[in-house]
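Colleague: Sequence first, predicted model second:
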Amino acid sequence: MELKIGCVLMASGNAKRFGDNKLNKKLNGISLIDRALNAIPVDKLYKVAVVSQYSEVIDKAHRYGFTGIKNKHPDYGISHTIKLGLDATNDCDAVMFMVSDQPLLRKDSVSQMLDFYIKNSKFLVGMSYKGVRGNPCVFPKEFFDGLRKLTEDNGGNTIIRMHEDRLKLFEVDHPDELSDIDTKEDLEKLENTEV
């Protein structure tokens, strides 16, 4: 039986440290949100949900053929984004959670990680560089209830820390794939970098 893997792209944050909506900011001419949407390997996924407080992100998700979900309460924290995403992907056997501020994440790497997950589908799988885990992460269905019970700004890390024995890492070759953008300085550092 083929596994039904869903994807939730989390694009709801308030970007307090950045100062404004960073998803529209461009790195080497391409916005962070477009880079995130382009990194999703659609051919490996049963469905894709994009959760955001921003109407323009929802509209863009629809243009990509994805389900767009409006997060009316980003102030509830990442746990609320996760619940909204799970509501849209609950019929999946596993869900991969991606963040929208890793502009150098490559679709090919995400696709390979999903292949790795399919071979290790009893495990949680996280992308890593030299053993240090980052995003995205894939959660089998048995962890959905635990994810739904998260509160405030507690995210998938909380579940992974409770089940370290069930975690497998998928290594990438380049550290910048896992680099996320929290500040304008982070964005400037990655300017003119591609992996």
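Modeller: The structure has been received and is ready for your questions.

Colleague: low-confidence ranges in this structure?
Modeller: 1, 13-20, 192, 194-195 (pLDDT under 70).

Colleague: pretty sure residue 105 contacts residue 176?
Modeller: No - look at residue 105 against residue 176 with C-beta atoms under 8 Å: they stay out of range, at 9.1 Å. For every residue, glycine as well, the C-beta is placed using N, CA and C.

Colleague: These two - which one has more neighbours?
Modeller: residue 105 (28 against 16; other C-beta atoms under 10 Å).

Colleague: Using the three-state scheme, assign that one.
Modeller: Assigned with DSSP: H, G, I helix; E, B strand; the rest coil, residue 105 falls in the coil class.

Colleague: ok, now which ones touch it?
Modeller: Residue 105 is in contact with 35, 36, 39, 98, 136, 177, 178, counting by C-beta atoms under 8 Å, 6 or more residues apart in numbering.

Colleague: hmm, 6 Å instead?
Modeller: 39, 177 (C-beta atoms under 6 Å, 6 or more residues apart in numbering).

Colleague: mind pulling up the phi and psi values for it?
Modeller: Note on residue 105: its backbone torsions stand at phi -70, psi 130 [degrees, to the nearest 10].

Colleague: could you measure it against residue 122, distance?
Modeller: 25 Å (C-beta to C-beta, to the nearest Å).

Colleague: same thing with residue 22?
Modeller: From residue 22 to residue 122 the distance is 36 Å (C-beta to C-beta).

Colleague: Same drill for these two, tell me which one is more crowded.
Modeller: Shown here are residue 22 and residue 122; by other C-beta under 10 Å, residue 22 has more neighbours (23 against 8).

Colleague: Distance of the more buried one relative to residue 94?
Modeller: For residue 22, the distance to residue 94 - C-beta to C-beta - is 28 Å.

Colleague: mind listing what residue 137 touches?
Modeller: By C-beta under 6 Å, 6+ apart, residue 137 lies in contact with 97, 126, 156.

Colleague: oh sorry, the question was meant for residue 152
Modeller: Contact partners of residue 152, counting by C-beta under 6 Å, 6+ apart, are 77, 79.

Colleague: how about it, secondary structure?
Modeller: Quick answer, by three-state DSSP: residue 152 is coil.

Colleague: you'd agree residue 167 is up against residue 125?
Modeller: No - between residue 167 and residue 125 there is no contact under C-beta atoms under 6 Å: 7.6 Å.

Colleague: Have a look at these two and say which one is more surrounded.
Modeller: Under the neighbour definition other C-beta under 10 Å, residue 167 and residue 125 were set side by side, and residue 125 has more, 26 against 16.

Colleague: which residues does the residue nearest the centre of the chain bridge with?
Modeller: In the chain, the residue lying closest to the centroid (C-alpha atoms, centre = their mean) is residue 98, at 0.6 Å. Bridge pairing for residue 98 (DSSP bridges) gives the partners residue 9.

Colleague: Next one: it from residue 180, what distance?
Modeller: When residue 98 is compared with residue 180 (using C-beta to C-beta), they lie 11 Å apart.
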